[in-house]
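# just need the structure, nothing else, for what follows:
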Amino acid sequence: MSFAASWWSALTPTRFRRAKTEQRVEVNALHLGAGAPRALLAFALGLALLTVTSAASATSDARAASDPDLFWGSFAVEHGSWTLVTENDKYFAGTDRHYTNGFKFIWLGETTLHRSREFLKRVANTIPTLRGIEAQQRYKVGLALGQEIFTPTDIATPTLLPNDRPYAGWLYASMMAQAQERDGSLLRVVEVSLGVVGPSALGEAAQNGWHDVIHVPHAEGWANQLHDEPGLMLSWERRYRLYTITVGPDHILDVIGRARLTLGNVHTHLATGFMVRAGWNLPHDFGTDLIRPAGGGMANAGRARTFGAYTYLSAEGRAVARNIFLDGNTWRSSHSVSKLPFMGDVSAGFVLAWPRFQLTYTQDYRSKEFRTQQHRDVFGSIALTTYY
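Numbering: from 1, shown residues only. Got it, this is the predicted structure:
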């Protein structure tokens, strides 16, 4: 699903409705009008919370009240990147089921505790997983906006399908902090995500709006989707560069391990995995990533000095305690299925890296996630990054 077209369609859901579906269009338009304010309110509350937290840290210094540059200086960055990630099961898979579409728009900026003393220093000193010797760290802060859409296999049936996963959308904003060892051996990530699951996540409008653009039938079962529920996730991840081969100053192969803990009412799981990269002039970063907690774009100031290209193979296993998109709503009765306690992803792809841009394509193979699932899932991921 195209990011721009999907959201343009979501905001104008009646533009491409055919006459024979006029009545349904009116219902969707009214539903969107009621749901959009709730989604915007969720984002506003999240951003307000982040702003208040940052402002509270700044005001703890008596000088903050008289020096406005002190607050804005707390967000000073030396280098930065913008990344757009789009994932869809149509990308070289040709399906339209389960995790069917996702996007994540990410800003990531590199800074130092000296330049960001009123914000990042407090974060680094408060969160144990980010603590380290300041002179040996490269710190990054980031913001992200994303959406994920889930459907059952049979999207032509309007009635509830008890043996297949629920319809669901997840619309969220995230804030992240990273600490990377200057020798490139270790990356530590903390991410908090706040958003909404349910009709206010605009999953129905985004999917069916895009289906109107490409003239394919609607997904008919969205009346059975999960109810509105605010979502909160906290994720901690570490990535280790385990092995490296260099030729002169250039990396041609490395092995990166990772481990992650995610807690929240949307996802709660433990995960571990690895990535093997091989190519020419590998960027001095910790590899590309899928849309997931503490992931979806790890681009940083370790960008390629000259053109580089590489392929990679990645695998991750998860022990799953909660997945709202399978378990259903937390506080209300809703459709749900019996999830499997363990699942995994195997991914392969390639990266083309320039000093100012990076293009990534990934094909992911995901194991079954619930007991009545008939087939494993496949989807593609495209990421475009620009540096400044």
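# give me the number of residues near V378?
16 (other Cβ atoms under 10 Å). C-betas here are computed from N, CA, C, even on glycine.
# which residues does it bridge with?
Using DSSP bridges, the bridge partners assigned to V378 are Y365.
# test my guess that it contacts R366.
Yes - using Cβ atoms under 8 Å, V378 is in contact with R366, at 7.3 Å.
# and the pLDDT at R303?
According to the prediction, R303 has pLDDT 60.
# what do you get for E110?
As summarised for this prediction, E110 has a pLDDT of 80.
# so where does it fall, helix or strand?
strand 98-111 (DSSP states H and E).
# and that strand, what other elements does it pack with?
Using 3 or more Cβ pairs under 8 Å, 6 or more residues apart in numbering; DSSP states H and E as the contact definition, the elements that strand 98-111 packs against are helix 3-11, strand 79-88, strand 137-151, helix 203-213, strand 377-387.
# wait, which of those is closest to L263?
Smallest distance to L263 across these (Cβ to Cβ): 18.2 Å, for strand 137-151.
# who does that closest one pair up with?
Counting by DSSP bridges, the strands paired with strand 137-151 are strand 98-111 (antiparallel), strand 168-181 (antiparallel).
# returning to what we had before: dump the C-alpha coordinates for the strand holding E110 into CSV.
Extracted as CSV, the C-alpha positions of strand 98-111 are listed here (Å, rounded to 0.1, in the frame of the first residue of the first chain):
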residue,chain,number,x,y,z
HIS,A,98,-2.8,-11.0,8.4
TYR,A,99,-0.1,-8.3,8.7
THR,A,100,-1.2,-6.7,5.4
ASN,A,101,0.3,-3.1,5.6
GLY,A,102,2.5,-0.9,7.7
PHE,A,103,4.4,2.4,7.5
LYS,A,104,6.7,4.2,9.8
PHE,A,105,8.1,7.7,9.3
ILE,A,106,11.2,8.3,11.5
TRP,A,107,13.5,11.2,12.3
LEU,A,108,16.8,10.4,14.1
GLY,A,109,19.4,12.9,15.1
GLU,A,110,22.9,12.5,16.6
THR,A,111,23.9,14.7,19.5
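# please compute how far that strand lies from its chain's middle.
Counting by Cα atoms, centre = their mean, to the nearest Å, strand 98-111 is centred 4 Å from the centre of its parent chain.
# that strand vs strand 377-387, what angle?
Taking axes from the mean of the first three to the mean of the last three Cα atoms, to 10 degrees, one finds that strand 98-111 is oriented at 20 degrees with respect to strand 377-387.
# tell me the bridge partners for Y361.
On the basis of DSSP bridges, Y361 is bridged to F350, I382.
# residues contacting it?
Y361 sits next to G349, F350, G380, S381, I382 when contact means Cβ atoms under 8 Å, 6 or more residues apart in numbering.
# can I assume the first one is in contact with Y310?
So that's G349. No - using Cβ under 8 Å, G349 and Y310 do not qualify as a contacting pair, with a distance of 9.6 Å.
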